[in-house]
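**Student:** Turn this into a structure:
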Amino acid sequence: LGSRGLGDVYKRQVSRIAQSLKQSSLRCGTRLVGAAGPFPSSAPFDSATWRQGALTVLMRKEREERNVSETDFDIIVVGSGCAGAVAAYTAASAGKSVLVVERGNFAGAKNMTGGRIYSHSLKKVFPDFESEAPLERKITHERIALMDPASQTAVDFTSPELAEEGKDSYSVLRAPFDQWLASKAEDAGAEYICGIAVEELLKDGSGRVVGVRAGEDEITAQVTVLAEGVNPILSEKCLGNPRPKPSQMAVGVKQVFELPASQIEDRFLVPEGEGAAMLFVGDCTHGNVGGGFLYTNRDSISLGLVATVSTAMDASNPYPVYQMLEDFKNHPAVAPVIRGAKLVEHSGHMVPEGGYGMVPKYVFDGCLVAGESAGLCMNMGYQVRGMDFAVASGRMAGEAAVEAIDKGDVSEAGLSSYRTKMEGSFVIQDLRTFSKWPHVMEGWDRMFTEYPVMVKDVFNTMFSVDGKPQKPLMKRMMPIVKQRGLLKLAGEVRKAVKSL
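**Tutor:** All right, here's what the predicted structure looks like:
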């Protein structure tokens, strides 16, 4: 899965085709077959010579035998995150020739998650993933916390149902997880090029996407699947999709702290091999829209926060994102759980948070858009989802591409089964169901400022005993609530509940 040049892929393709031609007793010129023989990866390679000579002739011969159109590959996938790797695996498993072009030096090199993956969509693609994938811990302990500068009020929940098959979720680290996904795609027959960025989508005279340009190479395919990630440059530049608004995007920063497995289980009160997921709202972002997160891995803790791009761009904001993270780590509710842990990783990534309102057009002539490139992410405050959407959309994109190729129609109409699959799945339906939530959260400033303080005051009143005669609990609590405006508070809560 390391960095590979485009020439290595062509050499393997030509070697395989030449061997196939020999076995089927097809006659080729001596010079051509000789040029198409196996080459060590260190051999010098001239892209133009190969593409215009042996590669072009032999791949044409192979496609004539298979009675398909003359393209370098059936399907090209741009990006090898969850969506891209699964799309490649799905298509390659159906017998299609697939090329994956990954910008990072290896799959997962530039990806980051908080993070956890809900297993239901992964199970449909890899039924035995639990025994194969590099999973960290099964999440059986949930916590949601409101934070003011000195305290937190938390809802803490554990349940056997969280571990049931189909409802379970796992903490993961994207570098090993994405490499595993890529290995599955390669095992299914997909070719990989890493360390090369796709700069442009190729189009024919009618405007149909017919491949990609990567560096000096133009590679053609019947269908191109765009899974380029959260910053959809090609989708915007070549397909005309709009650039996401700053209010629809967030920036996430994360640090990973190494800690022995036994200490993790003791600190988070989880059985051996199980883990915890925690979400924080309030002072973790110094009252700005966003939140903090903590996930336990096998022998490390992933700790970070997410703040809107609007906040990060605000020059008047006295707390840059990196300072928010430092203060969050030192909060009395967080510092004890990472005490003595060794910082081993720091990363940052953009996060789409506009919900259904930022999902662009995702079916084009010769092209499909999947994963984060299609804005498929949902932050509910109590639940953050993205990877299960990406896996499902990648599977459906791969299936739709295969179906369209088999029918001989890769136009937008021919690829429309992708839209049908998406609309009929949990992906679009869940995004649509909760479409109002991002707008509610964006305008709910008091959730991040006044609510954590109010809840703290309520519980201080409930639990404090100072030896003085106590008033009835309701009489002690109501002044605290009324101070924030009882009707305003009721209206805000009603609006939030309605959007959920």
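**Student:** what about the stretch 151-300 of the chain, any weak spots by pLDDT?
**Tutor:** Judged against pLDDT under 70, the stretch 151-300 of the chain has no low-scoring part.
**Student:** Kindly list the longest helix within this structure.
**Tutor:** Secondary structure of the chain per DSSP state H: the longest helix is helix 387-407.
**Student:** pull the helix or strand with minimum mean pLDDT from the protein.
**Tutor:** For the chain, the helix or strand with the lowest mean confidence is helix 30-35, at a mean of 27 (criterion: mean pLDDT, DSSP states H and E).
**Student:** ranges for the strands of the stretch 51-200 of the chain?
**Tutor:** Residue ranges of the strands in the stretch 51-200 of the chain, as given by DSSP state E, counting those that start in this stretch, are 73-78, 98-102, 116-118, 137-147, 152-158, 169-171, 191-194, 198-203.
**Student:** Check the offset of the first one from the chain's centre.
**Tutor:** What it means is strand 73-78. Averaging C-alpha positions (C-alpha atoms, centre = their mean, to the nearest Å) puts strand 73-78 20 Å from its chain's average.
**Student:** Who are the packing partners of it?
**Tutor:** For strand 73-78, the packing partners by 3 or more C-beta pairs under 8 Å, 6 or more residues apart in numbering; DSSP states H and E come out as helix 82-93, strand 98-102, strand 209-214, strand 217-226, helix 387-407. (Each C-beta comes from the backbone N, C-alpha and C, glycine too.)
**Student:** Over to the last one?
**Tutor:** Strand 198-203 is packed against strand 209-214, strand 217-226, helix 233-239, with contacts defined by 3+ C-beta pairs under 8 Å, 6+ apart.
**Student:** Mind putting the ones you listed into CSV with mean neighbour count?
**Tutor:** Listed next are the helices and strands packed on strand 198-203 as CSV, based on neighbours: other C-beta atoms under 10 Å:
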stretch, mean neighbour count
strand 209-214, 22
strand 217-226, 25
helix 233-239, 19
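**Student:** which residue packs closest to the spatially most central residue of the chain, ignoring adjacent ones?
**Tutor:** What sits nearest the mean C-alpha location of the chain, by C-alpha atoms, centre = their mean, is residue 387, with 4.6 Å. Spatially, and ignoring its direct neighbours in sequence, residue 387 is nearest to residue 117 (4.2 Å; C-beta to C-beta, 6 or more residues apart in numbering).
**Student:** Would you check that the one you found makes contact with residue 168?
**Tutor:** No: assessed by C-beta atoms under 8 Å, residue 117 is found out of contact with residue 168, at 9.9 Å.
**Student:** So those two - more neighbours on which side?
**Tutor:** Comparing residue 117 with residue 168 by neighbour count (other C-beta atoms under 10 Å), the higher total belongs to residue 117, at 26 against 18.
**Student:** Which residues are in contact with that one?
**Tutor:** 82, 169-170, 172, 177, 387-388, 391 (C-beta atoms under 8 Å, 6 or more residues apart in numbering).
**Student:** Those residues: which two are farthest apart?
**Tutor:** 82 and 169 (14.0 Å; C-beta to C-beta).
**Student:** just to revisit the earlier point, out of the strands of the stretch 51-200 of the chain, flag the one nearest residue 371.
**Tutor:** Among those, the nearest to residue 371 by C-beta to C-beta is strand 73-78 (10.5 Å).
**Student:** For that closest one, which strands pair with it and how are they oriented?
**Tutor:** Strands adjacent to strand 73-78 in the sheet, as given by DSSP bridges, are strand 98-102 (parallel), strand 217-226 (parallel).
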